[in-house]
Every structure is written in structure tokens, then in C-alpha cells.
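**Q** Need coordinates for the below:
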Amino acid sequence: MASAGLLALGLAACTSTETRPPAPAPVAVTPPPAAPTFAGPVLTGEGTCTGPAPTTAAAIAIGIGECDLVRLKGKPPTDVLVGEGRSGREVQVLYNEPGAKELYFFVNNRLDRIVK
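**A** Numbering: from 1, shown residues only. Model (predicted):
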């Protein structure tokens, strides 16, 4: 009979309404993203290339380099803004064309978008 009493006492301990908070989830540590890289000559703030312009691009299209644009346009830009952003090197190239302005946005020496 004594064992029946101990068993009942042991089972009573299992039916406790007390709850424990869940264990904290492990914190995942992610390394910072690698710095963006780019290759080839780039434009200076004065609108000149830092090296010979590549001849790979045949038309102005998304993905061409900054100096490709100048080579394809055949004249220096009206204005160039060079800076650093969250994505890396960011360049805005303005051309005043007859009747319209064209603005070219580059990220890491690649044409990202065009506003006409």
C-alpha cells in the first residue's frame, strides 16, 4: 500500500498547472554582405573615363558600363554625380539633348535605369 501512495504522490507532481517559459531561440549570426565589386574604367566627376573606354557594348542598354555610355553617345556628359550608396558606387550621368534631358543611373559601373 505504501507504494500505491508514493505512486499517487508521484503522479500528482506530473499534473502540475505550472508552466515554464519556452527556451529562447538561438540567435543566428549572419556575416555582413561582401562589398560589391566592379571592373573596368569608370567616370570621374568631370565626365572623363579613368581608362580606355571598352568597345564591348553596341547599344545603350541596361548593364553597360559608364564609359561605354560616353563612347556610344560620342560626346562628354553635361553633368556627372559620383557617390557611394547602400549598393556601392552610384553614378548619375546627365545629357542635355535637343528637346529633352536624359538621366542615366549606374550602380557599380553597370547601367541600372534610364530616365528621359
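**Q** Give me the most central residue, the chain.
**A** residue 87 (4.1 Å; Cα atoms, centre = their mean).
**Q** Quick check: nearest residue in space to that one, chain neighbours excluded?
**A** Spatial nearest neighbour of residue 87, excluding adjacent residues (Cβ to Cβ, 6 or more residues apart in numbering): residue 107 at 4.9 Å. Every residue, glycine included, has its C-beta placed from N, CA and C.
**Q** Next one: that neighbour from residue 26, what distance?
**A** 35 Å (Cβ to Cβ, to the nearest Å).
**Q** These two: which is more packed in?
**A** Higher neighbour count among residue 107 and residue 26: residue 107, with 17 against 6, using other Cβ atoms under 10 Å.
**Q** what ranges do the helices span in the protein?
**A** Secondary structure of the chain (DSSP state H): helices at 2-14, 66-73.
**Q** looking at these, which has the lowest confidence?
**A** Ranked by mean pLDDT, the helices of the chain bottom out at helix 2-14, with a mean of 52.
**Q** rewinding a little: touching, the residue nearest to residue 87 and residue 83? I think so.
**A** No - using Cβ atoms under 8 Å, residue 107 is not in contact with residue 83, being 11.0 Å away.
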